[in-house]
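S.K.: Sequence and predicted structure, then a few things I'm wondering about:
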Amino acid sequence: MPVRPSELEWIIDPRQAISLLEPLRARILGLARQPASATEIAARLGLPRQRVNYHVHELARTGLLRRAGRRRRRNMFEQRYVALAHGYILLPELLGTARADWREVSDAGSAAYLAALTEQMQSDVARAARAQGKKVSSVAIKSQFRFDSAEQRERFTRELQSAVVAVIARFTSPNLSAGGAPGAGRPYRLVLGCYPYSAESAAASSQKPA
């Protein structure tokens, strides 16, 4: 069977993280979503084959590129490679004790709190995916809208909080028992964030590389 990239990989290996942060290697991974040899990738990048070949071998050594068969070129065979995934997320654990911790952010309504909480969510999901073979039962809701005033935003926040608390109380079991021990059932964590974003930046980031 042909080797295909996964949809997403969480990166916790520092060697892989270093490779992903190297601009040329990141471009090589983007071009290797379909099997390609170092020669083919070099031609697309307009760079010397020897230079690209070095980076291809380094990416293969860290596992970010995998062997994907060979192709005949004149009187020789070239090894082809394919990227480990279509996309990657660098996990907060890479920073060790310097990683963000939502418990150390005093203002629960701040951007810092939301960003730190998002990092916790990334770590939780990655651990669950590794433990369960990436088959994780989850719910994701994405919506885009606008507020005409601060008063409208505040009313939205109050009613959303009230609705979420009501749904949680109606359809779930307590996380902890009366004695403080873990409750029955499988634990889940809900993170709900609402934040302003730059429409111009979002449009630019949505453009796929050629």
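M.R.: It's in.
S.K.: So which residues of the protein form strands?
M.R.: All strands of the chain, identified by DSSP state E, fall at 6-11, 36-37, 65-73, 76-83, 85-90.
S.K.: helices or strands up against the longest one?
M.R.: Yep, that's strand 65-73 we're talking about. helix 49-61, strand 76-83 (3 or more C-beta pairs under 8 Å, 6 or more residues apart in numbering; DSSP states H and E). Where you see a C-beta, it was placed from the backbone N, CA and C, and this is true even at glycine.
S.K.: Run through the residues that contact the residue nearest the centre of the chain.
M.R.: The geometric centre of the chain, computed from its C-alpha atoms, lies nearest to residue 89 (C-alpha atoms, centre = their mean), at 3.3 Å. By C-beta atoms under 8 Å, 6 or more residues apart in numbering, the residues touching residue 89 are 8, 9, 10, 11, 122, 126.
S.K.: For the protein, give me the ranges with low pLDDT.
M.R.: Confidence mapping of the chain against pLDDT under 70 gives the ranges 1, 134, 200-210.
S.K.: now the helices: where do they sit in it?
M.R.: 14-20, 23-31, 38-45, 49-61, 111-131, 150-171, 199-205 (DSSP state H).
S.K.: I'd like those written out as a markdown table, with mean neighbour count and distance to residue 99 added.
M.R.: Formatted as a markdown table, the helices of the chain follow (neighbours: other C-beta atoms under 10 Å; distance: least, C-beta to C-beta, whole Å):
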| stretch | mean neighbour count | distance to residue 99 |
| --- | --- | --- |
| helix 14-20 | 17 | 13 |
| helix 23-31 | 18 | 22 |
| helix 38-45 | 18 | 34 |
| helix 49-61 | 17 | 25 |
| helix 111-131 | 16 | 7 |
| helix 150-171 | 10 | 27 |
| helix 199-205 | 9 | 24 |
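S.K.: Many thanks, we can stop here.
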